[in-house]
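Participant: This is the structure alone, sequence omitted:
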Ligand code: PMP
Ligand code: GLN
């Protein structure tokens, strides 16, 4: 058959994880925790399965979980969402992103994507007949160049993809960023898909500022989250989308034909688990310790870096060391040094090579120490 995505192969995450496995390397490539989730959360799932919660969940999510998600946003950001009409539970943030893009983008619409960008955004836009318009983030801090974003807006701009905290770069949006976005899109029919899956992983006393905390932006935002990162359950594939009712109505029309609904016992378990906010509020500190351990060790390597501001990824530069393409270096390091990483060029539509690698530090401290020891061998 003719391909609808002729230039797209298997995602880098699958490629590098397989390479790590084949060469018995430490896998700091694909982003997933190297430790298990909480025994109590697992017990809850078992309990709900045994109680017979094993048939289809309501299409938009079980009411208990939708309420808890709405309460979390109210408590943290003082913004109200109606759990019945404005919160939808989906099978991972990947589905939320795809459904939100599909609900919004028509043939010929332009969608602004800030690069480097998570790999699912542009394909989702293209499969819906949209045209991705790529705007580079500033090097080296990956902040947003607002003049460039403003210049990229045309009559056809329909959507802007936002990701804070940012994967792969860790940039965390500031109030100034939110205000700028509101300013340049005021009175325009431009929507926002905001990918905030690392909402609870921000460092050095920073605060995650969701788009929905800005009264103007809130009205036009699909806010996408995931329990995968927050509770160490990337394999459960449960996420959510908060959006004002008119947007949620359209979002749900797509969700109901993509997956219809999401795992019932896991939704009940998560609703119960979310009761205690300390279960996600300690995550900043938990990951900050890992980031600090990893960055302290990186100082003994030849890489250059600035400690990441959020997410569980650290970017390093080797531009001063070699001319080798980042993809080639990532593959070679996996085979020869025994540590797998992600080449950052894969997050650019034209594979722009800034000689950067991304490491995931969501691993046990012993694994991180071992990886750091190996990375010191690179000169
Ligand atoms: N967005 C970003 C920025 C991610 O890093 C990921 C994966 N970790 C996702 C979306 C997908 O999340 P999920 O696994 O819930 O589909
Ligand atoms: N989000 C994860 C990462 O950035 C990977 C998710 C996936 O494998 N699709 O590494």
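Facilitator: Sure thing, it's come through. Predicted model only: the values in this text are computed from it and were never measured. Ligands and ions are numbered 1, 2, ... in the order given.
Participant: dump the residue contacts of the residue of the stretch 1-150 of the chain found nearest ligand 1.
Facilitator: Per CB to the nearest ligand atom, the residue of the stretch 1-150 of the chain with the smallest distance to ligand 1 is residue 92, at 2.8 Å. Any C-beta I mention is one placed from the backbone N, CA and C, and that applies to glycine too. With contacts defined as CB atoms under 8 Å, 6 or more residues apart in numbering, the neighbours of residue 92 are 226, 228, 237-239.
Participant: Need the max-distance pair from the residues you listed.
Facilitator: Largest separation among those by CB to CB: 226 and 237, giving 8.4 Å.
Participant: Neighbour count: these two, which is higher?
Facilitator: In this view residue 226 and residue 237 are compared by other CB atoms under 10 Å, and residue 226 has more residues nearby, 26 against 19.
Participant: wait, doesn't the more buried one sit right on residue 235?
Facilitator: No - at 11.8 Å, residue 226 does not count as touching residue 235 under the criterion of CB atoms under 8 Å.
Participant: Contacts only, for the residue in the stretch 51-200 of the chain that ligand 2 sits nearest to.
Facilitator: Evaluated by CB to the nearest ligand atom, the stretch 51-200 of the chain has residue 167 as its residue closest to ligand 2, separated by 5.2 Å. Residue 167 is in contact with 31, 118, 197-198, 311, 313, counting by CB under 8 Å, 6+ apart.
Participant: So it belongs to a strand, correct?
Facilitator: No - using DSSP: H, G, I helix; E, B strand; the rest coil, the assignment for residue 167 is coil, not a strand.
Participant: Quick check: pLDDT value at the residue nearest the centre of the chain.
Facilitator: Using CA atoms, centre = their mean, the residue of the chain that lies closest to the mean C-alpha position is residue 197, 4.5 Å off. Note on residue 197: pLDDT of 98.
Participant: Please report how far it lies from residue 38.
Facilitator: Counting by CB to CB, to the nearest Å, the gap from residue 197 to residue 38 is 19 Å.
Participant: for ligand 2, what are the nearby residues on the stretch 1-150 of the chain?
Facilitator: Those residues of the stretch 1-150 of the chain that sit near ligand 2, judged by CB under 6 Å from any ligand atom, are 11, 13, 30-31.
Participant: Now with 5 Å, please.
Facilitator: When proximity is defined by CB under 5 Å from any ligand atom, the stretch 1-150 of the chain lies next to ligand 2 at 13, 30-31.
Participant: Distance to ligand 1 and secondary structure for these - can I get that in TSV?
Facilitator: Listed next are those as TSV, based on distance: CB to the nearest ligand atom, whole Å; DSSP: H, G, I helix; E, B strand; the rest coil:
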residue	distance to ligand 1	secondary structure
13	8	helix
30	9	coil
31	5	coil
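Participant: Could you give me the PyMOL syntax to select whichever of these are buried?
Facilitator: Provided next is the PyMOL selection string for whichever of these are buried by 16 or more other CB atoms under 10 Å:
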select buried, resi 30+31
